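Chemist: can't give you the sequence, but here's the structure:
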């Protein structure tokens, strides 16, 4: 167990639907990062939160949003889902910045049918 | 712009052979560099970071600032080393902490 918990592990949903992925960071870590891993795009950085505030944004679609709550857990909301959104979504956490590396969760495998 | 390049999508070697997974980066400042390993689409695990200069599971990596490279090496590959390997870069002490990953190299160690 890495200490970063992601739920659910698997999610199958239809196009046009909305889902929420949840991440609990490792104890003591203030930063949460979301990445999308697909077969053709590799690991794509989506967004980072630090202590409740958005800190950096990557290739995140407007249909996607995220937030970090006071207890530091984070949620990634994906709406108007398309077949191409099928991917592994990873959450990672770090103490502050990522200079010491991240700890990754096990990921949520999203399948859009 | 910062970029990490892993030129090989797949590297296939026989057990006991030396392994070198290539990683080149572009960044004008002083980066922090990492290698992550992913077994069978499971979670990514930190393998090495250049600042600690450690050897994990027999792997080493040296930062070559002149060649902007951070190649991962192991003298004798084992079958259990078969996995996806990602090189990643962090912008030093930047407080965003965003890691930029290469496209990954699949290492296949054949018996």
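Modeler: Yes, it's here. These figures come from a predicted structure and were not determined experimentally.
Chemist: CA atoms for contacts and neighbours, from now on please.
Modeler: OK.
Chemist: pLDDT wise, what is the closest residue to residue A:76 other than its chain neighbours at?
Modeler: Among residues not flanking residue A:76 along the chain, residue A:66 sits closest, at 4.3 Å (Cα to Cα, 6 or more residues apart in numbering or on different chains). On the pLDDT scale, residue A:66 is placed at 97.
Chemist: Residue B:56 now?
Modeler: 82.
Chemist: just residue B:17 next, same as before
Modeler: 97.
Chemist: Quick check: phi and psi on it?
Modeler: phi -80, psi 160 (degrees, to the nearest 10).
Chemist: residues contacting it?
Modeler: B:75-77 (Cα atoms under 8 Å, 6 or more residues apart in numbering or on different chains).
Chemist: how about 6 Å then?
Modeler: If you count contacts by Cα atoms under 6 Å, 6 or more residues apart in numbering or on different chains, residue B:17 has them with B:76-77.
Chemist: again, but for the one 10 residues further on
Modeler: When contacts are counted by Cα under 6 Å, 6+ apart, residue B:27 touches residue B:2.
Chemist: buried sites along stretch B:61-70?
Modeler: B:61-63, B:69-70 (16 or more other Cα atoms under 10 Å in any protein chain shown).
Chemist: Narrow the residues you listed to those in strands?
Modeler: Mapping these onto strands (DSSP state E) picks out residue B:61.
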